[in-house]
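>>> Need coordinates for the below:
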Amino acid sequence: MSSTSIPETVRKLLASQPIELPIFHPVALKLQKMLSDYDFTVDEVSRVANEDISLASQMLKIANSPMYMGRSKVATINEAVIRLGAQQVINLVIAASQASAHSSSNPALSHYMKEMWLHSHGSALGGALAGTFLRYARGGGRNVSGGHAA
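Below you'll find the model as predicted:
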């Protein structure tokens, strides 16, 4: 095991190869804009989601997961959008597009990037869960400081 710290290793690896900033996935960008404007139909969301086979398969996988599974399996993107809802589709699209950006051709750096992605994703999920719990625990319309939520 090397005596070099993880931050120092990452700095050295970043300095040794060109840095390309990740571009936000175009399908994710379209879906996020469409869904955040609340001006969409399920068919429109499905059409855009189907532009990326990987994203479409992720949506089907999540919609059929134990967390969302209904009485029957979801077989189409339309059904997945209906089952998941707009907010969950946005969350899934952002997570999927960001996960693919956390990789490197350098195996050591790729390992650290995946670890950082898992940590940040877990932190975000934990924060969302805590926020939801605190909102319900405090009466629904209040934030952690006791003021009214926006």
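>>> ok now do residue 32, which residues does it touch?
Residues in contact with residue 32, defined by CB atoms under 8 Å, 6 or more residues apart in numbering, are 90, 93-94. C-beta: built from backbone N, CA, C; applies to glycine.
>>> rerun at 6 Å
Residues in contact with residue 32, defined by CB atoms under 6 Å, 6 or more residues apart in numbering, are residue 90.
>>> how near is it to residue 8?
Distance, residue 32 to residue 8, by CB to CB, to the nearest Å: 36 Å.
>>> before we move on, what about residue 56?
Remark: distance between residue 56 and residue 8 (CB to CB) = 41 Å.
>>> neighbour count winner among these two?
residue 56 (18 against 11; other CB atoms under 10 Å).
>>> Isn't that one up against residue 77?
Yes - here residue 56 lies in contact with residue 77, judged by CB atoms under 6 Å, at a distance of 5.4 Å.
>>> what secondary structure does the spatially most central residue of the chain sit in?
Geometric centre of the chain, nearest residue: residue 95, 1.6 Å, by CA atoms, centre = their mean. Reducing the assignment to helix, strand or coil with DSSP: H, G, I helix; E, B strand; the rest coil, the entry for residue 95 is helix.
>>> Which residue, other than its chain neighbours, is closest to residue 90?
When the adjacent residues along the chain are set aside, residue 90 lies closest to residue 35, with 5.0 Å between them (CB to CB, 6 or more residues apart in numbering).
>>> The helix or strand harbouring residue 113 - contacts with which helices or strands?
Element membership of residue 113, judged by DSSP states H and E, is helix 107-137. Packed against helix 107-137 by the contact rule (3 or more CB pairs under 6 Å, 6 or more residues apart in numbering; DSSP states H and E) you find no helix or strand.
>>> try it again with 8 Å
Here helix 107-137 is seen to pack against helix 6-16, helix 86-101 when contacts are counted using 3 or more CB pairs under 8 Å, 6 or more residues apart in numbering; DSSP states H and E.
>>> Nearest to residue 118 among these would be which one?
Distances from residue 118 to each of the helices and strands packed on helix 107-137 were compared using CB to CB; the shortest belongs to helix 86-101, at 9.1 Å.
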